[in-house]
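Asker: missing the sequence, but the structure's below:
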């Protein structure tokens with residue numbers, strides 16, 4: 001699958017494509033709405049450029065994605081909870097003045113962002129100052145250039161102090177959906193494509209939410225969109241929509257399974273309940289099976305290469321494994337110098353597939369560092385592989401940690417703290433949390449004469465960073481544990 005084929009939409013125009021709250025939209029309405037937005041953007045002369053999407057999960061965001069695909073525009077989805085400082089960085093980094101958002105945010109954004117940004121209210125395309133439009137055929141998206149043209153840029157926290165833009169083409173985007181149409185996965189799901197109902201809580205500004213919703217639409221199913229996770233709302237959606245598929249990040253799964261109203265009958269319709277975001281404890285898998293009657297689908301992926309492996313086995317001997325590589329994806333385990341690791345020995349996971357990113361946006365140095373010889377993407381994750389090809393996670397070579405399904409770079413938080421006038425040195429580490437997986441904790445040394453409390457620094461970070469990047473606690477220190485080379489020993493800060 002090297003293109004996004006939506007030809008099946010015309011056969012079932014009256015079928016409900018998306019449900020969000022009290023609103024629903026048919027495939028015919030979805031096509032018309034996306035075509036209108038594509039036409040308006042085209043009339044503005046945006047084709048070939050980048051357009052940032054600052055929208056919550058909902059029909060507008062999906063329509064904008066499809067409109068950009070059709071109009072030859074690179075979509076740059078952004079977390080709608082981002083601060084003004086973060087947004088300015090993203091917009092500058094991807095070099096676009098165009099920002100699509102909801103009308104109620106126009107005034108506040110206009111006063112907070114740097115001058116020169118063109119803000120457009122997505123629900124009012126008729127208000128965009130464009131020339132009269134030619135009649136639009138109102139067809140599903142028909143992308144033509146599926147090769148090297150950037151179609152999507154996802155921003156993610158990397159190993160540097162600033163997020164990087166991860167670039168995908170239409171071909172790599174289509175390849176990321178292809179594993180969900182492979183014979184092994186279709187047998188696992190056991191649901192005809194058109195009968196699929198996917199309950200989505202993951203942000204569509206990130207890869208998990210985006211790919212699962214596009215997969216559902218490509219299959220001709222119905223996607224039920226929730227903007228974030230709330231246990232009661234999720235349980236109500238299970239009862240009302242009887243979804244066949246859904247994905248939860250580990251903190252959500254823990255909260256759901258502990259809820260007194262979570263009983264087996266509510267999960268009767270589910271054929272796939274996926275747990276994502278981090279290594280899934282065996283105990284949680286067993287508990288899920290006891291409560292819901294379903295063995296959760298566990299997999300492995302990353303922003304730079306989408307879904308890499310899936311564990312389609314229901315055998316208890318496979319609980320805790322990340323699974324085997326999906327069709328079209330090659331995986332090998334490398335030793336310290338890039339050589340093949342010995343059987344049963346942990347090494348870095350290297351990945352090669354058509355769904356891998358094109359590279360980091362306008363960062364050739366970081367892109368070169370991300371790949372080994374032969375086009376192998378270095379994941380920075382460590383694992384062993386058993387004789388049946390199942391991957392078993394053992395740790396991370398990189399410093400990134402995951403809080404509630406969100407990747408966090410400690411260097412980004414440290415860089416923000418270092419811009420505070422009272423801060424001399426800041427070190428951020430991750431510590432285990434029973435619900436969120438890992439949370440950031442900051443250690444700060446103040447400058448001579450600097451005055452700032454932990455509460456002051458927390459308030460400062462809350463203004464500069466999205467909420468999940470703000471440390472759970474900040475400790476003021478004077479003496480640092482050091483390694484023999486004179487570097488701060490992070491492991492001793494928060495063992």
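Answerer: Yep, that arrived. Everything numeric here is computed off the predicted structure, so don't read it as measured data.
Asker: now the strands for the stretch 251-400 of the chain?
Answerer: For the stretch 251-400 of the chain, the strands defined by DSSP state E, counting those that start in this stretch cover 272-276, 297-302, 306-311, 324-325, 330-334, 347-352, 359-360, 371-372, 376-385, 391-396.
Asker: Of those strands, which shows the lowest average pLDDT?
Answerer: Ranked by mean pLDDT, those bottom out at strand 391-396, which scores a mean of 86.
Asker: what angle sits between it and strand 376-385?
Answerer: 110 degrees (axes from the mean of the first three to the mean of the last three CA atoms, to 10 degrees).
Asker: mind listing what's buried in strand 391-396?
Answerer: By neighbour count on 16 or more other CB atoms under 10 Å, the buried set for strand 391-396 is 391-393, 396. C-beta: built from backbone N, CA, C; applies to glycine.
Asker: what's in contact with that strand?
Answerer: 279, 300, 309, 320-325, 331, 346, 349, 380-386 (CB atoms under 8 Å, 6 or more residues apart in numbering).
Asker: Give the ChimeraX command for selecting the buried subset of those.
Answerer: Of the contacts of strand 391-396, the buried ones can be selected in ChimeraX as follows, counting by 16+ other CB under 10 Å:
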select :279,300,309,320,321,322,323,324,325,331,346,349,380,381,382,383,384,385
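Asker: so which of the strands of the stretch 251-400 of the chain comes closest to residue 419?
Answerer: Of all the strands of the stretch 251-400 of the chain, it is strand 359-360 that lies closest to residue 419, at 23.1 Å by CB to CB.
Asker: May I see the buried residues of strand 391-396 arranged in JSON lines, with distance to residue 92 as well?
Answerer: Listed next are these as JSON lines, based on distance: CB to CB, whole Å:
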{"residue": "391", "distance to residue 92": "38"}
{"residue": "392", "distance to residue 92": "41"}
{"residue": "393", "distance to residue 92": "36"}
{"residue": "396", "distance to residue 92": "30"}
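Asker: Pick the one among those closest to residue 122.
Answerer: Nearest member of the buried residues of strand 391-396 to residue 122, counting by CB to CB, is residue 396, at 37.5 Å.
Asker: Any chance of JSON lines for the strands of the stretch 251-400 of the chain, columns distance to residue 478?
Answerer: Output for these, formatted as JSON lines (distance: least, CB to CB, whole Å):
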{"stretch": "strand 272-276", "distance to residue 478": "41"}
{"stretch": "strand 297-302", "distance to residue 478": "38"}
{"stretch": "strand 306-311", "distance to residue 478": "44"}
{"stretch": "strand 324-325", "distance to residue 478": "49"}
{"stretch": "strand 330-334", "distance to residue 478": "41"}
{"stretch": "strand 347-352", "distance to residue 478": "37"}
{"stretch": "strand 359-360", "distance to residue 478": "38"}
{"stretch": "strand 371-372", "distance to residue 478": "42"}
{"stretch": "strand 376-385", "distance to residue 478": "33"}
{"stretch": "strand 391-396", "distance to residue 478": "30"}
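Asker: Helices of the stretch 351-495 of the chain, start to end?
Answerer: Counting by DSSP state H, counting those that start in this stretch, the stretch 351-495 of the chain has helices at residues 364-370, 410-418, 454-464, 490-493.
Asker: Least reliable of the ones you listed by average pLDDT, please.
Answerer: Across the helices of the stretch 351-495 of the chain, the lowest-scoring stretch is helix 490-493, with a mean of 80.
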